[in-house]
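Engineer: Just need the structure, nothing else, for what follows:
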Amino acid sequence: MEDAAIIKKKLEARSWKLEAWAESTCPTYAVDKLVNCVGWILVGVFIPTIISLAFAAEDKSSIKEEASQEIKDFNLVQYTADGKKKWELNGEKAYLYGGLIEIGGPEAVLYGEKSRFNLTAEKGFFNRPQNDVRLKDNVVVTSSDGMKLKTGYLYWQGETQNITTDAPVFMTKDNLEATGQGASCNLEAKQVRFNEDVSTSVEEGSTIITCEGPLELDYGKSRATFHKDVEVKDSQGNLLADRMDVFFDPKTKKIKRVIASGNVRIIHGENITYSRIAIYLVDKKKVILPKRPKLVIAPQKEEKDAAEQPLTPNP
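Structural biologist: Next up is the predicted model:
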């Protein structure tokens with residue numbers, strides 16, 4: 001057994017190391033009071049802490065070395081509970097930074113029940129603990145049923161297969177083109193939401209629809225819903241409202257019906273018709289106004305009921 005003098009010297013050495021550590025980390029703290037008050041208990045409690053800090057520093061060093069490693073032909077696959085591919089992420093190269101993987105030239109494939117989606121970009125970052133991916137620079141999303149979306153960057157959630165962005169977005173699908181600021185997509189449900197500053201072109205520019213947003217597109221139901229200061233422009237005139245629901249023919253992909261509600265105005269030349277609701281039958285070029293409409297004809301400013309009228313007066 002060591003004698004008391006040797007043990008005392010060892011304890012004094014530990015106390016000296018503890019004071020040096022405390023001064024380096026908390027220079028404003030009264031180290032001498034801390035040591036004197038806590039005594040041997042302080043040594044017993046904080047020495048293990050110092051050792052653990054040393055291990056932490058060693059771990060950070062190993063992470064730094066790991067980040068310098070490059071993986072070529074990166075590939076990562078996630079499967080469903082029944083063993084089917086849920087998504088696949090590939091890259092020309094990848095760098096590991098602990099729980100973060102930086103990917104060069106990422107390409108992802110999302111396997112849905114009815115459609116498949118491909119995502120490409122110049123750069124990507126995969127967060128392993130969160131199971132999500134951030135893609136940036138020339139991001140393109142395409143689907144097996146003809147949808148194409150372009151943006152500067154987006155977040156893709158590996159668990160839900162949803163994507164979101166607050167960057168400008170351009171999207172095409174069938175005979176519709178849409179632009180807006182920010183968007184979110186439920187790829188499996190075939191639903192896209194544009195957040196604001198929305199403009200759409202339908203049937204090669206023959207009809208232009210704008211709104212402040214949001215715009216909700218549901219391709220599964222062949223329906224688009226425009227919100228706030230909505231305006232439709234085509235050769236028949238202008239239709240304005242607080243909200244518009246646009247229904248497409250599932251086969252031809254053309255607009256078959258528009259239902260406008262809230263502060264509805266139909267402008268043709270100098271004539272304006274006001275109504276709470278308007279139903280526009282596109283193939284018949286006819287507007288039905290079921291809720292006590294008011295028609296103002298310039299320049300006489302005459303008013304009359306118009307329960308049903310064509311958007312363009314018949315010759």
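
Engineer: Now do stretch 256-271: everything it contacts.
Structural biologist: Stretch 256-271 has contacts (Cβ atoms under 8 Å, 6 or more residues apart in numbering) with 230, 232, 236-249, 272-283, 287, 289, 295-299, 311-313. From N, CA and C alone the C-beta is placed, and that goes for glycine too.

Engineer: Mind checking which of these land in helices?
Structural biologist: Of the contacts of stretch 256-271, none are assigned to helices by DSSP state H.

Engineer: Quick one: buried ones out of these?
Structural biologist: Using 16 or more other Cβ atoms under 10 Å as the burial test, the contacts of stretch 256-271 include 230, 232, 236-237, 239-241, 243-246, 248, 272-275, 277-280, 282, 287, 289, 295, 311 as buried.

Engineer: So which of the residues you listed sit within strands?
Structural biologist: Among those, DSSP state E puts 230, 232, 237, 239-241, 243-246, 248, 272-275, 277-280, 287, 295 in strands.

Engineer: so what's D137 up against?
Structural biologist: D137 makes contact with 121-123, 152-153, according to Cβ under 8 Å, 6+ apart.

Engineer: What remains of those if I keep only buried residues?
Structural biologist: Buried by 16+ other Cβ under 10 Å: 121, 123, 153, out of the contacts of D137.

Engineer: Tell me the one of the residues you listed nearest D82?
Structural biologist: Comparing the buried ones among the contacts of D137 against D82 with Cβ to Cβ places A121 closest, at 29.7 Å.

Engineer: Not counting residues beside it along the chain, what's closest to that closest one?
Structural biologist: Nearest residue to A121, sequence neighbours excluded (Cβ to Cβ, 6 or more residues apart in numbering): L135, at 3.8 Å.

Engineer: That neighbour is in what secondary structure piece?
Structural biologist: Using DSSP states H and E, L135 sits in strand 132-143.

Engineer: Can you tell me how far the residue positioned nearest the centre of the chain is from G98?
Structural biologist: Closest residue to the average C-alpha location of the chain: T164 at 0.8 Å, with Cα atoms, centre = their mean. Computed with Cβ to Cβ, to the nearest Å, the distance linking T164 and G98 is 24 Å.

Engineer: who does the residue nearest to A121 bridge with?
Structural biologist: Legend: beta-bridge partners of L135 under DSSP bridges are G124, L154.

Engineer: list the contacts for it?
Structural biologist: With Cβ under 8 Å, 6+ apart, L135 has these contacts: 106, 108, 119, 121, 123-124, 153-156.

Engineer: From V192, how far out is it?
Structural biologist: Taken as Cβ to Cβ, the span from L135 to V192 is 17 Å.

Engineer: could you say which helix or strand contains V109?
Structural biologist: Here V109, judged by DSSP H and E, is contained in strand 107-111.

Engineer: Can you list the buried residues in that strand?
Structural biologist: Residues of strand 107-111 classed as buried: 107-108, 110-111 (neighbour count, 16+ other Cβ under 10 Å).

Engineer: May I have the beta-bridge partners of I259?
Structural biologist: Beta-bridge partners recorded for I259 (DSSP bridges): D245, I279.

Engineer: tally of neighbours for it?
Structural biologist: 17 (other Cβ atoms under 10 Å).

Engineer: residues making contact with stretch 212-229?
Structural biologist: In contact with stretch 212-229 (Cβ under 8 Å, 6+ apart) are residues 145, 147, 173, 176, 178, 180-181, 189-198, 200, 209, 211, 240, 242-250.

Engineer: Can you list the buried residues in it?
Structural biologist: 213-215, 217, 219, 222, 224-227.
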